[in-house]
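1. Next one to model:
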Amino acid sequence: MTKILGFDPSGSSDNSRSPSTFFSLSMPFLRSKNSAGAVAEKKTLSQVRLQLELSFQDVETPVAERLRHKIRAAREVKELWMLRSDVHQLVSRQQSQQEAAQRINALLPYFEGWIPAKSLSRI
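-> Residues are numbered from 1 along each chain as shown. You can find the predicted model right below:
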C-alpha cells in the first residue's frame, strides 16, 4: 500500500515524520518567521488595512481622504502593499521623509506571510 500524506492506511507506523513536520508541510503559508526568527501569525486583510490607515491618521487633507478610500476599497493585501508609496509620499509632504520611512517600515510585520520575504525590506 502507498502512504497518503504521511499516513500508511495499512496501519504500520513510520516514525520518520513527527506531527509537527506534517503540519509544516501541509500548511506552509499559515505562519512565517520574522527577522528575529520567531514565528509570526499572518495578519488578516482587515488588520493590514487598519494599520495602513493608522500610519497617516494625523493627516487630514483631500489627498489623505482619497487614499483612505482606496485603502478601504482594496480587496487584496497586494493592493495595500502597492499603496505604501502613496502613504510615504503623503506623510513625507506633511512631516518629513524620515518620519515617512519610519511609518512605512513599521508596517512590514503586517505584510509578512502575504508578500515574499525578499520584498519586505526596510526603507
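2. Tell me the span between the first and last residue of stretch 104-118.
-> Using CA to CA, to the nearest Å, one end of stretch 104-118 lies 16 Å from the other.
3. Ok, stretch 51-63 next?
-> Per CA to CA, stretch 51-63 runs 18 Å from first to last residue.
4. do stretch 67-87 as well
-> Per CA to CA, the first residue of stretch 67-87 is 8 Å away from its last.
5. cool, stretch 110-121 as well?
-> Start and end residues of stretch 110-121 are separated by 13 Å (CA to CA).
6. Pull out the buried positions in that stretch.
-> Tyr110, Phe111, Glu112, Gly113, Trp114, Ile115, Leu120 (16 or more other CB atoms under 10 Å). Every residue, glycine included, has its C-beta placed from N, CA and C.
7. do stretch 80-97 as well
-> Leu80, Trp81, Arg84, Asp86, Val87, His88, Leu90, Val91, Ser92, Gln94.
8. What residues does the fifth one make contact with?
-> When you say that, I think you mean Val87. Neighbouring residues of Val87 by CB atoms under 8 Å, 6 or more residues apart in numbering: Leu52, Ser55, Phe56, Leu67, Ala100, Arg103, Ile104.
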